[in-house]
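Asks: below are the sequence and a predicted model for it; my questions follow.
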Amino acid sequence: MEELIGNDKVKETLKNMVKNQKVAHSYLFSGIEGIGKTLFAREFAKTLLCEEQKEMPCGKCRSCRSFAENNHPDFMQIEPDGKAIKIEQIRYMQEKIAEKPIQSNFKIYILKDADTMTREAQNSLLKTLEEPPMYARMILVTSNENKLLNTIKSRCIKIPFLPIEMEKIKKYMQKNFSMELSENELTVCAGSIGKAIGVQELLAQYRQIEGMIQNLDKQDLLSSLKESEFLHKEKDNILELLDYMLVILYKSKDRAKINAIHYVEDTKQRILANSNYDMAIDYLWIRVWEEVNEKYNRC
Ligand SMILES: [Zn+2]
């Protein structure tokens, strides 16, 4: 737990629950992606399962060792099968949860991306949340809380996770990846370690975006569109790249560029709504170019 970054308040809360033996049956770990919610959940599980029964797992007992080797008989982590956690997975979990623990005092279940549970899966899980076996502990992890049924949420103790401070992300990246993130790159991470790690893969694209924006008022539409062409091949990363574009436009302090921000927001929505990708990209860059160059036309 000590090695986990950020969210010190969550650390304290969880430790106190263990210390005071006030561990609830079900928790909802909620917060943006890439801030370590699942790592926290696993560490919490390991602590509860540890034979020492202290605030932190000892790392040496039989339980801690089998946890580290991923074969603890009283622990299970459920993840989406494809895009969703399906009712069959919940039924399997319910079969298992009914059997008494073998090695520890508890049986612990982590449901990662719990919001991807189908409606049937959620309704089925609800029965277990309402009447859990004495020894059962469930941790639902989500970055999209509003997709969970209210009846599910009301059965769980919510542990809200906050974005991680920029300075901590900066230090983490220096220490673990020998990487110096710029202020713009840190801004686009928005407090997510997961995103910061992803930045490494996108540095070339970020530089291209900076160039595109810098050249906006120096190029005709055709040349500018040509420079933006690489975005057509970046469908998998486009939301991250558009976020970076937002940061650069905003920080340009140029009124026309700031005015163009809403086209980027529009494009994000279009892409999320699955509209034609290539058209959305062309639309974006034509509008942004027009917005910036209109100013000169008016002069
Ligand atoms: Zn232990």
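Replies: That came in fine, so what should we check first? Residues are numbered from 1 along each chain as shown.
Asks: what does the stretch 1-150 of the chain put close to the ion?
Replies: The stretch 1-150 of the chain comes close to the ion at residues 50, 57-58, 61, 64, as judged by Cβ under 5 Å from the ion. C-beta here means a position set from N, CA and C on the backbone, and glycine is covered the same way.
Asks: the same query, at a cut-off of 8 Å, please.
Replies: Contact residues, the stretch 1-150 of the chain versus the ion (Cβ under 8 Å from the ion): 46, 49-52, 57-65.
Asks: neighbour-wise, which one of these leads?
Replies: Leu49 (25 neighbours; other Cβ atoms under 10 Å).
Asks: next, the contact list for it, please.
Replies: 57, 63-64, 67, 72, 74-75, 103-106, 108 (Cβ atoms under 8 Å, 6 or more residues apart in numbering).
Asks: redo those as TSV? Include distance to Glu294, pLDDT and secondary structure.
Replies: As requested, those are exported to TSV (distance: Cβ to Cβ, whole Å; pLDDT from 0 to 100; DSSP: H, G, I helix; E, B strand; the rest coil):
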residue	distance to Glu294	pLDDT	secondary structure
Pro57	61	93	coil
Ser63	66	96	helix
Cys64	64	96	helix
Phe67	61	97	helix
His72	62	97	coil
Asp74	65	97	coil
Phe75	60	98	strand
Gln103	69	93	coil
Ser104	67	94	coil
Asn105	68	92	coil
Phe106	64	95	coil
Ile108	59	98	strand
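Asks: closest one of those to Cys189?
Replies: Cys189 lies nearest to Pro57 out of those, by Cβ to Cβ, at 29.2 Å.
Asks: let me see the contact set for the closest one.
Replies: Here Pro57 is in contact with 43, 46-47, 49-50, 64, 67 (Cβ under 8 Å, 6+ apart).
Asks: quick one: terminal-to-terminal distance for stretch 100-120?
Replies: With Cα to Cα, to the nearest Å applied, stretch 100-120 spans 26 Å between its terminal residues.
Asks: quick revisit: and the contacts of Pro57, which of them are in helices?
Replies: Using DSSP state H, the members of the contacts of Pro57 that fall in helices are 43, 46-47, 49, 64, 67.
Asks: report the buried members of the contacts of Leu49.
Replies: 57, 63-64, 67, 72, 74-75, 103-104, 106, 108 (16 or more other Cβ atoms under 10 Å).
Asks: helices or strands next to the helix or strand of the chain with the lowest mean pLDDT in the packing?
Replies: Least confident element among the helices and strands of the chain, by mean pLDDT, DSSP states H and E: helix 277-298 (a mean of 87). In this structure, helix 277-298 makes packing contacts with helix 221-228, helix 255-259, helix 261-272, judged by 3 or more Cβ pairs under 8 Å, 6 or more residues apart in numbering; DSSP states H and E.
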